[in-house]
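> Model the following, please.
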Amino acid sequence: MRFPKIALASAVVMLAAACGGGSEDGGSGGAPDSLTVWVMGTAQDELVNYFDDAESRFQDLYPDTSVNVEFIPWGDAQESITNAIAGGDAPDVLEVGNDQVSSWASQGALLDIGEYVDEWAPSKDMDQEALEYGTYNGVQYGVPWFSGVRTLYYRSDWLEELGHDAPETWDELLEVSQAIEEEYGVPGFAAPTDFTNGIASFIWGNGGEIAVQDGEEWTGRLTDPATVEAVEFYADLTAEHEISPQSYVGENELVPLADMANSQVGMYIDGGWALGSMEEQAEDPEVLENIASAPIPGADGIAPVFAGGSALTVFGLTEHPEQAFDLLGVLGDQEGGKAYADVAGFFPAYPELLEADEYQNDPERAAAATSMQNTRFFPSTPRWNAADLDNKILPGAVLDIVRGGDPEEVLEAANEQLTDILNEPVE
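Alright, predicted model coming up:
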């Protein structure tokens with residue numbers, strides 16, 4: 001999942017005098033005069049400085065090769081990459097959403113970088129599940145650059161007054177939610193139904209799965225008992241327990257975000273990027289001082305979370321694959337990956353780095369840093385977007401159950417649809 005924290009307008013940053021996007025050979029050892037990187041988002045001072053430093057590091061390897069950086073708004077990415085495939089202006093190194101690697105790989109936009117990655121030492125220290133998410137049909141096309149995760153936001157002052165810690169289990173979630181409503185007269189927890197990322201954590205937090213791959217075939221697991229129990233529990237937060245209001249039925253996490261900022265709900269799930277929106281929407285800014293975060297509760301302990309973010313790839317039509325991967329390596333190794341994650345407001349793809357005090361002892365980042373060490377990913381296939389974004393299979397099932405549908409019947413139909421869509425031929 002992409003998080004367009006820096007996406008509003010496009011710009012081109014020429015970090016050195018040379019132009020041409022890597023089309024001419026020169027420099028040292030047949031290296032090109034320049035290479036081009038496409039980054040999703042907009043040019044900001046901190047990001048420009050990052051790429052300036054990255055170019056200096058890259059020129060330790062290739063002294064005569066400049067690095068040109070083009071910022072592409074997320075909304076323009078589809079058209080820009082499609083045009084590049086057709087022979088238009090193209091990059092050498094390309095950032096894509098980590099959930100888009102398989103889609104662009106299937107369209108021929110990305111280069112097989114498996115041999116390079118195998119010999120690239122930093123890959124051994126990366127989150128291996130995140131690295132695996134950069135594959136398609138067993139071929140490595142991307143490496144994780146940075147990630148962000150969702151956490152449980154809660155009113156720390158309310159929980160302190162009630163004598164509760166942030167909930168870590170489903171039972172505690174129910175208990176704390178009910179106590180909030182009884183004491184403060186607002187819903188204790190928000191469970192919007194159009195929220196695949198949140199629902200998935202409940203499934204994974206109960207030992208369930210959404211779908212698994214065996215060879216080239218995908219099999220939906222929405223009818224597995226652990227998955228059924230988790231989906232039913234999430235739906236019952238609204239339908240049975242009534243700790244989440246009907247006003248969130250059919251909605252995504254943006255609605256409870258505004259309520260959280262204005263003391264109209266006690267807890268809800270969202271990512272660190274939500275804090276900026278809360279600042280914009282809070283009628284009383286002092287409320288934000290009492291909003292804290294914790295890992296998402298699972299059935300018997302904190303739940304795994306989806307790590308959305310970006311991957312670094314080499315464009316399939318680059319004329320300089322070796323040098324392009326070396327540039328990718330500078331951007332994505334521990335030094336480059338951490339530096340970019342820090343300026344962009346996310347987390348690096350190296351679990352060891354997340355144990356540092358700067359993450360674990362920062363009250364605004366500690367919960368997310370902890371969750372980043374327990375991540376999961378959606379099916380690595382171009383058909384996942386069709387299942388989730390186009391057909392809303394999982395949110396639709398939760399919606400039907402909230403409205404009174406039998407959980408087993410609803411999920412049996414949803415599972416059949418999910419399996420069919422995931423196994424449709426990729427065009």
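> for the stretch 251-400 of the chain, what spans make up the strands?
Using DSSP state E, counting those that start in this stretch, the strands assigned to the stretch 251-400 of the chain run over residues 267-271, 291-294, 305-306, 308-314, 347-348, 375-376.
> Identify the neighbouring strands of the fifth one in the sheet and state each direction.
In this case it means strand 347-348. Using DSSP bridges, the strands paired with strand 347-348 are strand 142-148 (antiparallel).
> what element comes up after the helix or strand encompassing residue 39 heading to the C-terminus?
Residue 39 is part of strand 34-40 when elements are defined by DSSP states H and E. Scanning forward in sequence from strand 34-40 by DSSP H and E, the next helix or strand is helix 45-58.
> where's the residue nearest the centre of the chain relative to residue 196, distance?
Central residue of the chain (Cα atoms, centre = their mean): residue 308, 0.8 Å from the mean position. To residue 196, residue 308 is 11 Å away according to Cβ to Cβ, to the nearest Å. (Each C-beta comes from the backbone N, C-alpha and C, glycine too.)
> Please apply the same query to residue 69.
Residue 69 is 32 Å from residue 196, by Cβ to Cβ.
> more crowded one of those two?
Legend: neighbour count by other Cβ atoms under 10 Å for residue 69 and residue 196, higher for residue 69 (24 against 20).
> Report whether the expected contact of the more buried one with residue 39 is present.
Yes - counting by Cβ atoms under 8 Å, residue 69 touches residue 39, with 6.0 Å between them.
> between these two, what contacts are shared?
Both residue 69 and residue 39 are contacted by residue 51, under the criterion Cβ atoms under 8 Å, 6 or more residues apart in numbering.
> wait, which of the strands of the stretch 251-400 of the chain is closest to residue 96?
strand 308-314 (5.7 Å; Cβ to Cβ).
> So in that sheet, which strands flank that closest one, and in what orientation?
strand 93-97 (antiparallel), strand 142-148 (antiparallel).
> Can you tell me which of those strands is packed in deepest?
strand 142-148 (a mean of 28; mean count of other Cβ atoms under 10 Å).
> That one to strand 34-40, inter-axis angle?
Angle of strand 142-148 versus strand 34-40, following axes from the mean of the first three to the mean of the last three Cα atoms, to 10 degrees, is 40 degrees.
> can I get the CA coordinates of strand 142-148 in CSV?
The C-alpha trace of strand 142-148 is given here as CSV (Å, rounded to 0.1, in the frame of the first residue of the first chain):
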residue,chain,number,x,y,z
GLY,A,142,12.4,-5.1,-6.2
VAL,A,143,13.9,-4.6,-2.7
PRO,A,144,12.1,-2.8,0.2
TRP,A,145,13.1,0.8,0.6
PHE,A,146,11.0,1.9,3.6
SER,A,147,7.7,0.9,5.3
GLY,A,148,5.0,2.2,7.5
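> Need the mean per-residue confidence for that strand.
In this model, strand 142-148 has a mean pLDDT of 96.
> Does anything pack onto the next helix-or-strand element following that strand? Which helices or strands?
Per DSSP H and E, strand 142-148 leads on to strand 150-155 as the next helix or strand towards the C-terminus. For strand 150-155, the elements it packs on are helix 196-204, strand 267-271, strand 291-294, strand 305-306, helix 366-371, judged by 3 or more Cβ pairs under 8 Å, 6 or more residues apart in numbering; DSSP states H and E.
> Now do the second one: everything it contacts.
Residues outside strand 267-271 that contact it (Cβ under 8 Å, 6+ apart): 3, 148-155, 167, 173, 176-177, 180, 188-190, 195, 198, 201, 253, 256-257, 259-260, 296, 308, 368.
> Could you do the first one as well?
Outside of helix 196-204, the residues within contact range by Cβ under 8 Å, 6+ apart are 1, 150, 191-192, 209-210, 226-227, 230-231, 233-234, 253, 269, 296, 298, 303-306, 308, 376, 378, 388, 392, 394-395, 398.
> May I have the strands that pair with the helix or strand just after it, each with its orientation?
With elements assigned by DSSP H and E, the helix or strand that comes after helix 196-204 is strand 211-214. Strand pairing for strand 211-214, determined by DSSP bridges: strand 217-220 (antiparallel).
> CA atoms only: put the partner strand into CSV for me.
In CSV, the C-alpha atoms belonging to strand 217-220 read as follows (Å, rounded to 0.1, in the frame of the first residue of the first chain):
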residue,chain,number,x,y,z
GLU,A,217,-2.2,-21.6,-7.7
TRP,A,218,-3.7,-19.4,-5.1
THR,A,219,-6.2,-20.7,-2.5
GLY,A,220,-8.4,-18.4,-0.4
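> which of the residues in it are buried?
Across strand 217-220, burial judged by 16 or more other Cβ atoms under 10 Å covers 218, 220.
> domain ranges for the protein?
11-148+307-375, 150-304+382-422 (automatic domain parsing).
> quick one, what contacts residue 335?
Applying Cβ under 8 Å, 6+ apart, we find residue 335 in contact with residue 57.
> rewinding a little: give me the buried subset of the contacts of helix 196-204.
For these, a burial check counting by 16+ other Cβ under 10 Å picks out 1, 150, 191-192, 209-210, 226-227, 230-231, 233-234, 253, 269, 296, 298, 303-306, 308, 376, 378, 388, 394-395, 398.
> low-scoring pLDDT stretches of the stretch 101-250 of the chain, where are they?
For the stretch 101-250 of the chain, no stretch has pLDDT under 70.
> any chance you could map the helices in it?
Along the stretch 101-250 of the chain, counting by DSSP state H, counting those that start in this stretch, helices occupy 101-106, 114-118, 128-132, 156-162, 170-184, 196-204, 225-239.
> do the stretch 301-427 of the chain as well
Under DSSP H, counting those that start in this stretch, the stretch 301-427 of the chain gives helices at 321-332, 334-344, 357-360, 366-371, 383-385, 393-402, 407-422.
> now the last one and helix 393-402, what's the angle there?
It refers to helix 407-422. Inter-element angle recorded for helix 407-422 and helix 393-402: 160 degrees (by the same axes, to 10 degrees).
> Could you list the residues in contact with helix 407-422?
Residues contacting helix 407-422 (Cβ under 8 Å, 6+ apart): 210-211, 218-223, 227-228, 231-232, 235, 379, 381, 383-384, 386-387, 391, 393-394, 396-397, 400-401.
> buried ones in it?
Judged by neighbour count (16+ other Cβ under 10 Å), helix 407-422 contains these buried residues: 407, 410, 411, 412, 413, 414, 415, 417, 418, 419, 421, 422.
> So which of those residues is the closest to residue 73?
Relative to residue 73, the closest of the buried residues of helix 407-422 is residue 421; by Cβ to Cβ it sits at 28.8 Å.
> check contacts around the closest residue to that closest one other than its chain neighbours.
Of all residues not flanking residue 421 in the chain, residue 387 sits nearest, at 4.6 Å (Cβ to Cβ, 6 or more residues apart in numbering). Counting by Cβ under 8 Å, 6+ apart, residue 387 touches 379, 393, 417, 418, 421, 422.
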